[in-house]
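1. Quick one, fold the following:
(chains A and B)
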Amino acid sequence: MLELFTYDFMQRSLFAAAMVGGLCSVIGVFVVLRGLAFMGAGTAHAAFAGVALGFLMGWPPLLMAILFGLATVWITGWVEEKGRMKLDVSIGILYTATMAMAILFIGLMKTYNAEVYGYLFGNVLAVTSEELGTIAGLSIVVIGAIVLFSKELYFIAFDQEMAEASGVPARRIFFLLLTLVALTVVVSLKTVGAILVFAMILIPASTAYQLTHSLSTLTWYSVLIGITCSVGGVLISSYWDIPSGPAIVLIATVLFFVAVLFSPKKQRRFLALS
Amino acid sequence: MVPTAWVERALTTVASQTSPIIHFEHATFGFPGVVALEDISLEIHSGEFVGVIGPNGSGKTTLCRAVLGLMAPLKGHLRIFDCACDELRCHHRARIGYLPQKGAVDRNFPVTVLETVMMGRYGTLGLFTRPSGKDRKIAMDALAHVGMEGHRDSALGHLSGGQQQRAFIARALAQQPDVLLLDEPTTGLDITTQHNVVELVQHLHEELGLTVLLITHDINMIRSRVDRLVLLKTRLYAAGPPAEVLKPDILSQVYGKDLVITEKDLVIVEDYHHHH
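-> Numbers count the residues shown, from 1 in each chain, chains lettered A, B, ... in the order given. Down below sits the predicted model:
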């Protein structure tokens, strides 16, 4: 198995997996705590529609993914703020509308394009050096923003109105969070794919949520779990020759259920009952 | 630029000694078609302990949101720290320590008591500034003020209702505010704990010289402690010392048949929650 590490493509994919795993699991902490789970899923499908349009028109697919992703999060954020309708309804509409667009764009393509499907299901083993550069660049931007605004992001995740009342520019920070979610989804498209990216955002943070009562510990656990699952998934997928996206997500899912079973929170509840 | 900023601050300080820190002038609040508070004129001065009472749906929480600068008047004016409320900036908001209604905050959020209290520093610090040892000290002092220094590493969700309220009051104190704004701080607590929380608030008012605005439907809990009572039911029915406000004729206008006054002059208002 060790000779795997000597291949260039293997080194690239391990790097990509570790970055995407780390990135998704950090942003996931805020997504889970702020209750934006469904929004991430909608964003992933919108970004995929952007990719499909990019391939159809010959435009840069990742740029189109960013535009579609940002449009989706900003519209849903605006709808939530205005309180015009329930957030899950507006995301549900955008989710399906962008998926319809993606199917339409793919249908309009004259030939079968395997690369488009790569963005749907993800293939970390096929990541090129150029894509690795894009992933690294966007990851630095997102992680940098999270580090810079971490105290405000934690506060709005805890209670946005209380944050605003305490003198934090909560509205702007909320839209920053939405923007970071969209960028994270785009960064992860190539590795885990539009369908599974959301698992990578949701599962590590939810697993860490089972294990601690401290915000900072939660974040570190989440990153640790995210990177472990991604790297582990890539190794398993190349060793047994199975698709990488599902391998990563299924490892994360197994870890999540183990964490639920052995959660100190659950034991405490049990002790409280008995 | 430094002298200008200093002069501005000095002027604000002079102004705050003469004018009220919260000033409603014929202010009406609500949404198009729904009036939550109508024609409110009220001055709150520095160092006062003011209780705001009124039945459910009387606009108490709207008053709270207005003071926090989260809602601008549809008509009239509201000035906070001598600043029009729709021009209220983040550093103004940081001067008001706010305790939201129980239930407004997710009590199972994975956060420790100290992490919660530290959040009180975030608005005061502003963007791009990391909390330092000094902020930690302020947070620890705030915990000591509410008698919770021994619980700093406990999970917020593991505390009792009264302890959680204390932790949230400490969070507000960590802002080093001029005003403490408490929205129904005793709801959902047992009688002893209710008294302890109100006693703590009175203690903080006296010891730290805080201006306190306490919103509640429990008249008996606060009548002996506040300097002034404000009686709301969409309009402002009365504002003044408790003895002047708690008169049968004034109270019956607001509470109608739900008002019971016993021989010992205790005002008992039926719990409005049962009517919904």
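
2. from the stretch 51-200 of chain A, which residue is nearest to chain B?
-> residue A:167 (2.8 Å; Cβ to the nearest Cβ). Quick note: C-beta positions are derived from backbone N, CA and C, even for glycine.

3. Contact partners for that residue?
-> Taking Cβ atoms under 8 Å, 6 or more residues apart in numbering or on different chains, we find residue A:167 in contact with B:90-95, B:122-124, B:175.

4. So which bits of the stretch 1-150 of chain A are right by chain B?
-> A:33, A:148-149 (Cβ under 8 Å from any Cβ of the partner chain).

5. What subset of those residues is buried?
-> A:33, A:149 (16 or more other Cβ atoms under 10 Å in any protein chain shown).

6. what about the chain, any weak spots by pLDDT?
-> Assuming you mean chain A. Within chain A, the stretches with pLDDT under 70 are A:1, A:84, A:266-274.

7. Correction: the question concerned chain B.
-> For chain B, the ranges with pLDDT under 70 are B:1-18, B:103-108, B:263-266, B:268-276.

8. could you pull out the strands for chain B?
-> All strands of chain B, identified by DSSP state E, fall at B:22-31, B:34-44, B:49-53, B:75-80, B:83-84, B:96-99, B:179-183, B:211-215, B:228-233, B:235-240, B:259-261, B:267-269.

9. hmm, back to that, ok, and which of the contacts of residue A:167 reach chain A?
-> Contacts with chain A within the contacts of residue A:167, counted by Cβ under 8 Å from any Cβ: B:90-95, B:122-124, B:175.

10. list the contacts for the residue in the stretch 151-276 of chain B positioned nearest to chain A?
-> With Cβ to the nearest Cβ, the shortest gap between the stretch 151-276 of chain B and chain A falls at residue B:155, namely 3.2 Å. Residue B:155 makes contacts with A:213-214, B:110-113, as judged by Cβ under 8 Å, 6+ apart.

11. quick one: which of these sit in helices?
-> residue B:113 (DSSP state H).

12. Go through the contacts of residue B:155 and give me the one with the most neighbours.
-> Sorting these by how many neighbours each has (other Cβ atoms under 10 Å in any protein chain shown) puts residue B:113 first, at 28 neighbours.

13. mind checking how far that one is from residue B:174?
-> Remark: distance between residue B:113 and residue B:174 (Cβ to Cβ, to the nearest Å) = 12 Å.

14. likewise residue A:260?
-> 34 Å.

15. Which one of these two is surrounded by more residues?
-> Neighbours were counted for residue A:260 and for residue B:174 using other Cβ under 10 Å; residue B:174 has more, 27 against 15.

16. Can you say which helix or strand has residue A:254 in it?
-> Using DSSP states H and E, residue A:254 falls within helix A:244-261.

17. so how far is that helix from its chain's centroid?
-> Centre-to-centre, helix A:244-261 and its host chain are 15 Å apart (Cα atoms, centre = their mean, to the nearest Å).

18. now do stretch A:94-101
-> Centroid separation for stretch A:94-101 versus its chain: 18 Å, with Cα atoms, centre = their mean.

19. Let's see that stretch as CSV, backbone CA atoms only.
-> Taking Å, rounded to 0.1, in the frame of the first residue of the first chain, the C-alpha atoms of stretch A:94-101 are listed here in CSV:
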residue,chain,number,x,y,z
LEU,A,94,-34.2,27.2,-5.7
TYR,A,95,-32.8,23.7,-5.1
THR,A,96,-35.2,22.1,-7.6
ALA,A,97,-35.1,25.1,-10.1
THR,A,98,-31.3,24.9,-10.3
MET,A,99,-31.4,21.1,-10.6
ALA,A,100,-33.9,21.6,-13.5
MET,A,101,-31.4,24.0,-15.1
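
20. Could you tell me which residues of the stretch 51-200 of chain B lie near chain A?
-> Neighbours of chain A within the stretch 51-200 of chain B, by Cβ under 8 Å from any Cβ: B:68-70, B:90-96, B:98, B:100, B:104-106, B:109-112, B:115-116, B:119-120, B:122-125, B:127-128, B:130-131, B:155-158, B:175.

21. among those, which are in helices?
-> Secondary structure from DSSP H places B:90-93, B:115-116, B:119-120, B:122-125 of those in helices.

22. List the buried residues of the helix or strand in which residue A:234 is found.
-> Using DSSP H and E, the element containing residue A:234 is helix A:215-240. Of the residues in helix A:215-240, A:215, A:218-219, A:221-238 count as buried by neighbour count, 16+ other Cβ under 10 Å.

23. and what of stretch A:75-83?
-> Buried residues in stretch A:75-83, counted by 16+ other Cβ under 10 Å: A:75-77, A:79-80.
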